[in-house]
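[1] sharing a model that was predicted from the sequence below.
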Amino acid sequence: MYKQKEIVLVPFPYSDLSSTKRRPVLVVSNNDYNQNFPDILVCVITSNLFKDDYSVTLNDADLEVGMMPEQSVIKCHKLFTIEQSQIIKKFSIINDEKLEDVIGKLMLLVDTNPLHRTSYI
């Protein structure tokens, strides 16, 4: 079972679906869900440092375990589910503070009340 806060490598298809490349993603679904279902919810991680209102920067200081090959951005608005059996490997774990930042951006993403939005940032 993969756990919330883990950064894992997954096969990610090219846009033309001709093949896949390995990409890091952050597991955001909670551990109870991850233990009881075959799929998990993840956010895309990229080294393209363009940051928007729904992204969180990520560097080695944000990790409990492991290292990032380069400074990256967690794209909280780029979510998808993937079967746990498709995961190639786990290579890092973010710290609690960074998880709080990510959850805040996810809350911002789904909040329908614009007055609440500043409290998540």
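    Okay, I see it.

[2] and the pLDDT for residue 121?
    Residue 121 is assigned 53 on the pLDDT scale.

[3] also residue 115?
    With respect to pLDDT, residue 115 has a value of 64.

[4] buried stuff in stretch 3-22?
    4-10 (16 or more other CB atoms under 10 Å). (Glycine included, C-beta is placed from N, CA and C.)

[5] to clarify, my last question referred to stretch 38-46.
    Across stretch 38-46, burial judged by 16+ other CB under 10 Å covers 40-45.

[6] same check, this time on stretch 70-90
    Under 16+ other CB under 10 Å, the buried positions of stretch 70-90 are 72-76, 82, 87.

[7] how far does it stretch from start to finish?
    Between the start and the finish of stretch 70-90 there is a gap of 17 Å, counting by CA to CA, to the nearest Å.

[8] again, but for stretch 67-75
    OK, stretch 67-75 end separation, CA to CA: 18 Å.

[9] can you list contacts of it?
    7, 24, 26, 43-51, 54-60, 92, 102 (CB atoms under 8 Å, 6 or more residues apart in numbering).

[10] what about residue 31, how many neighbours?
    14 (other CB atoms under 10 Å).

[11] got the confidence number for it?
    pLDDT recorded at residue 31 is 98.

[12] report the separation between it and residue 83.
    As defined by CB to CB, to the nearest Å, residue 31 lies at a distance of 17 Å from residue 83.

[13] can you tell me the closest non-neighbouring residue to residue 49?
    residue 73 (5.8 Å; CB to CB, 6 or more residues apart in numbering).

[14] over to residue 85?
    Closest residue to residue 85 apart from its sequence neighbours, by CB to CB, 6+ apart: residue 38 at 7.1 Å.
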